[in-house]
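Novice: Structure for the following, please:
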Amino acid sequence: MPDTPAVQSFVILGVTGSGRPFRPSDWADRLCGVMSGFRPTGSVADARLSYSPYVMPGFHDGIRCVTVDARLHGIEPMAYDFLRRFAADNDLKVVV
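Specialist: Predicted coordinates:
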């Protein structure tokens, strides 16, 4: 049985293992938009699009990224696993 990675916060960088920028350039915003519905229990999103506090776009050392909070796993393990697989499937660098 393969080892399952520990549940921890991580950052998906917008650069591939070979050092190429990941495209499209708005990938982080798109990914976070898909994850925007995963929120703490009892929180209410307003009418405007707002990102989940557990999956946020940003920059890490000048590289576009998505920061994933480990607490997402407690709300929806499949969403957390989707983000891990997204990074692996697209050969994106991940910082723990």
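
Novice: Every contact and neighbour count from this point should use C-alpha atoms.
Specialist: Noted.

Novice: so who does the residue nearest to residue 68 when sequence neighbours are not counted touch?
Specialist: Setting aside the residues directly before and after it, residue 68 is nearest to residue 55 in space (Cα to Cα, 6 or more residues apart in numbering), at 4.7 Å. The contact partners of residue 55, by Cα atoms under 8 Å, 6 or more residues apart in numbering, come to 32, 35, 36, 66, 67, 68, 69.

Novice: isn't the fourth one right next to residue 57, touching?
Specialist: Yes - in this structure, residue 66 is within contact of residue 57 by Cα atoms under 8 Å, at 4.4 Å.

Novice: In the chain, where is pLDDT below threshold?
Specialist: Residue ranges of the chain with pLDDT under 70: 1-4, 44-48.

Novice: Is residue 49 in a helix, a strand, or coil?
Specialist: Of the three states, residue 49 takes coil under DSSP: H, G, I helix; E, B strand; the rest coil.

Novice: Dig out what the nearest residue to residue 96 once chain neighbours are set aside forms beta bridges with.
Specialist: Nearest residue to residue 96, sequence neighbours excluded (Cα to Cα, 6+ apart): residue 10, at 4.5 Å. Note on residue 10: beta-bridge partners by DSSP bridges are residue 68.

Novice: Just give me the neighbour total for residue 10.
Specialist: For residue 10, the count of nearby residues is 17 (other Cα atoms under 10 Å).
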